[in-house]
Structures are given as C-alpha cells and as structure tokens.
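> Model the following, please.
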Amino acid sequence: MAGYIEDRWYKKGADGKRNVPTDRHGQGKRYKVAGIPGVKARSFPDKQLTAAKAWLAQAQADANRGEFIDPRDGNVTLREYVEQTWWPSRTGDPSTLEGLDRRVRNQILAYLGSVPLRQIKVETLRVWLKELEGVISPGTAVVVWGNLKNILDCAVDDERISKNPCRARTIKTPTKPPNKARAWTRERVKAVQAALPAQYQILIDIGVGVGLRHGEALALSVDDVDFEDGVIRVRRQIRAVHGKLAFSLPKGNKTRVVPMPNHLAARIAKHMANCPPREVTLPWKDPRPPQTKVEEKERKPQTHRLLVTNSRGDAVRVNMWNQNYWKRALAEAGVIAAPERRRRKTGRGFELIYGPTNEHGFHCLRHTFASVQLDSRENPVAVSKWLGHADAAITLRVYGHFLPDADGRGRHAMDSWFADSSPSSPDAPQSLKPEAVSDESPLNAGSAQLDTSDLETASELQEDAA
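Take a look at the predicted model:
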C-alpha cells in the first residue's frame, strides 16, 4: 500500500543499523508521512511515531475510498474561505447578490469570520444563534441560516471540512413564525390614499386593483396599460442595485397580464390627464458600468413613459418614497402612531422617527387584491397567475385563509353527476336526484362570505373606489 514514514533525525549507518544522526537531528518535526497519492505529506514531532502510524493508516484507507480530506485545509478562517473561494463563485441577479453580501457580512462574518472552518462546531453555532436573537427578525434568521449552511456545504464539497455542522440533528434551526397575510378595509385604503400627494394616489389604485408589487407599480408605463383589451401588462420593475436605479424583469423573471377593472382604467386615465407621463431612462438589470461587450448589450438603457415619477420627473426610489410619503400617510390615517421628533445625529435640524411599519407596507394592497379575488370565488390558479407566483400552491399557502367557506355547491355537482339526466329514470336513486336538495336547504342559502372586517367583495370595492 502506498505511503511511508520517514525519520528525519536518524538514518541507517554503514552497518545497517538505524542510529546515525542526520544533519537536521533535533531540528523541526521528526517524522514525515508521505508517498500517498493525492495526499500532501504531513510531519509529526518526536515521540509521536504512534500518531504518525495511525494517521498513515487512516489516510491510506480514506485515499483508497476517495474520501480523504486533509484537516489542515480547514485551518483557513471562515472569512478567508468566503472571500477567496465561496463569494467569487456566486452568480445571479445583482440585486439578490447585493442582499446576500450584506447578510453574510453583517450576520455571519461579523460573528464567525475569524473562526477556522474546522473549529466551527455545533456548539459554536448554538452560541451564534443565541447572539442573533433580538438582533434580527426570525424571518431574516431563517434566510441567514440557509446562507451559512450553503457556505459550509460548499466547504465540504471543496474538501476543506469533512461534514457540515449545520446539518447536525441536535441543533435547533431558526423557524419563521406563521404570519397570515392581512387585507385592508376600504376605509383604511381610502384614508391612506387621501394622505398621499395627488401624484402618488394612483399607486394605491394600482396596488389594490391589479395586485402589483411596489417596484412594478412604479415601473408601469403608458404602453403597459391596454385600455382597449382592458388589461395591464406587467413587464418590468424598478429596483436599486448598489444605490443606483435600474429597470429589470419582475420578481422571478415572470412577466404577466392582469385584467384591469373598469374603475382602475378610469382612474389611470384621469391621472394621466392631471399628471402627464414622463420619459425615464434607466439601465437594464444592472446599473454598474459594463466590463464586457455581453454586459454592455445586456445592460443597455431603456426608456419608458412612466405613469408615476417624482417632482423632478425622475424614477421614484422605493426606500425614499416609503420614508417620505408612505409612513407619513400611515400615521395621518391612524394606521401607525404619530412619529417622534428627534434631533439629527449631525446636530443639524430634526428628523421624524416612525414606529415599526413592517406589517403595513405597500404589499398590504396586494394582499387586499388577493383577498377580494379569492373571496369572490375567482379561480386560485388565475389569481396565482395575476399575482406572478411560481404556482398556485404558493398562492394558496399565503392566501388560503381568504377562501370562503364551502356552501354546498360541490354536493350539488356530485348529485347532478350521479343522477340520471331524466328525473323519472328508475335507475336513479331517489336520494341522489337533484330534487333531493331543496332550494330552501341550508346548503343553498347563499354564498358564505368570509366573516372578517378586513375583507371586501369585488363589487363593493369597485363602488367605493370611484
């Protein structure tokens, strides 16, 4: 079997005895294990011949199975591994990568960056998770945990460590608490809309009327609104990448077509008359300067006549809009408490500090759209398509509680299927004939509506939106 142990302090003498000191006698480590294909030589100090023999045997066995992992490769710190090996291999959407980089640096490397890979044990992770409590939300903790698990999985595949401690059965992994999507009442929608400047009020109609995400609503152009066919084509969004704005495809790279209610068409037409659309030019997908011809082609700027722009006629930044207009409107509508006035850290002037608004974001309008559609018994598959979800299972998981209770229509359908087309047929069981279910039956007493003040029917919303 390949492999041997060399004694670098002694050599065989002329008489064949191993008792002649070498030139490096007493210097450095005495025993050198080498000769195993694909395995770097390793040295052991004096009086550790037994350890050298054990390591040789283990390395030979692992090498024969193709499973040898040199523990010395795990001496690199987590930060060094991430920055030199893991991060350079990341590809994908630049905005997604920006968020990933921020999470890894702030929540992982800030705590574990100086720890060698081989020293990251289950106990280390338990302490780290405890330190994260109260620093980030449970939802963010789930994402960060997934990021660290991926990093250490890659370290296993790169043969830096033998196993991933994140996969230990005894560790309690972060879980995101259940959080049902909540729709808004008509009164709240109207109050928040009234508190916004006139040029931004159409965003409320778009959010509730067709369920667009915030970035999609801000990127909506005149050419996306088809008044003749009564649809809105969702073809892009606006987002910030490294502090600069860019157009890109909607989330998941999924464009879609959403039916446009008549009241929304009228609102958009009125908005266009009062606030004429403005041409806005932004890079596509990534605002950073291109480095290759392929990137230059992919990032070529596009120009669109946007329905909503800021006072200068430029594209609206989501974070600035939320801070300067949305939170103020929420406070004026009584959705959140009035802000606290504090002096700026620079000592110059004051700033308004609002309370938590995570549960009252623009996405609530999208939830309201979904609630109205599902409460009116619209096909969940169609609603999923309009929302831009990957499949209807996501829609049902997020919005399933908006579906109305069963009202017996399924029983009617089964009665009709089992019964013969002729009521007088002798083969049709009397208990299964359509007449067996009376129109006065509780099953036919009318569609059961979802009993919550947060939901509205589609007809009510259209009547009150004008």
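> Kindly report the domain assignment for this protein.
With domains defined by automatic domain parsing, the chain comprises 4-68, 75-167, 186-363.
> Could you dump those domains into a markdown table and include mean pLDDT?
Converted to a markdown table, the domains of the chain look like this (pLDDT from 0 to 100):
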| stretch | mean pLDDT |
| --- | --- |
| domain 4-68 | 78 |
| domain 75-167 | 91 |
| domain 186-363 | 93 |
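> now those in CSV, with mean neighbour count and distance to residue 390?
Where C-beta positions appear, they are placed from N, C-alpha and C, glycine not excepted. Listed next are those as CSV, based on neighbours: other Cβ atoms under 10 Å; distance: least, Cβ to Cβ, whole Å:
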stretch, mean neighbour count, distance to residue 390
domain 4-68, 13, 37
domain 75-167, 16, 15
domain 186-363, 16, 6
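> closest one to residue 370 among these?
domain 186-363 (6.3 Å; Cβ to Cβ).
> Quick one: end-to-end distance for the closest one.
Using Cα to Cα, to the nearest Å, the end-to-end distance of domain 186-363 comes to 15 Å.
> ranges for the helices of the stretch 101-250 of the chain?
In the stretch 101-250 of the chain, the helices defined using DSSP state H, counting those that start in this stretch lie at 110-112, 122-132, 138-157, 186-194, 202-210, 214-218.
> mind putting those in a markdown table, distance to residue 397 included?
Formatted as a markdown table, the helices of the stretch 101-250 of the chain follow (distance: least, Cβ to Cβ, whole Å):
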| stretch | distance to residue 397 |
| --- | --- |
| helix 110-112 | 32 |
| helix 122-132 | 26 |
| helix 138-157 | 15 |
| helix 186-194 | 25 |
| helix 202-210 | 21 |
| helix 214-218 | 21 |
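> ok so, going back, adding distance to residue 395, write the domains of the chain out as CSV.
CSV is the format used below for the domains of the chain (distance: least, Cβ to Cβ, whole Å):
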stretch, distance to residue 395
domain 4-68, 45
domain 75-167, 19
domain 186-363, 11
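> And those: which comes nearest residue 374?
With Cβ to Cβ as the measure, domain 186-363 is the member of the domains of the chain nearest residue 374 (11.3 Å).
> Of all the helices of the stretch 101-250 of the chain, which one comes closest to residue 369?
Among those, helix 202-210 comes nearest to residue 369, with 5.6 Å by Cβ to Cβ.
> follow-up on the earlier one: out of the helices of the stretch 101-250 of the chain, which comes closest to residue 229?
Checking these against residue 229 by Cβ to Cβ gives helix 202-210 as the closest, at 13.6 Å.
> So which elements touch the closest one?
helix 186-194, helix 214-218, strand 231-234, helix 262-274, helix 363-375, helix 458-465 (3 or more Cβ pairs under 8 Å, 6 or more residues apart in numbering; DSSP states H and E).
> hmm, 10 Å instead?
Judged by 3 or more Cβ pairs under 10 Å, 6 or more residues apart in numbering; DSSP states H and E, helix 202-210 is in contact with helix 186-194, helix 214-218, strand 231-234, strand 256-259, helix 262-274, helix 363-375, helix 458-465.
> ok, back up a step: nearest to residue 23, of the helices of the stretch 101-250 of the chain?
Nearest of the helices of the stretch 101-250 of the chain (Cβ to Cβ): helix 138-157, 39.9 Å.
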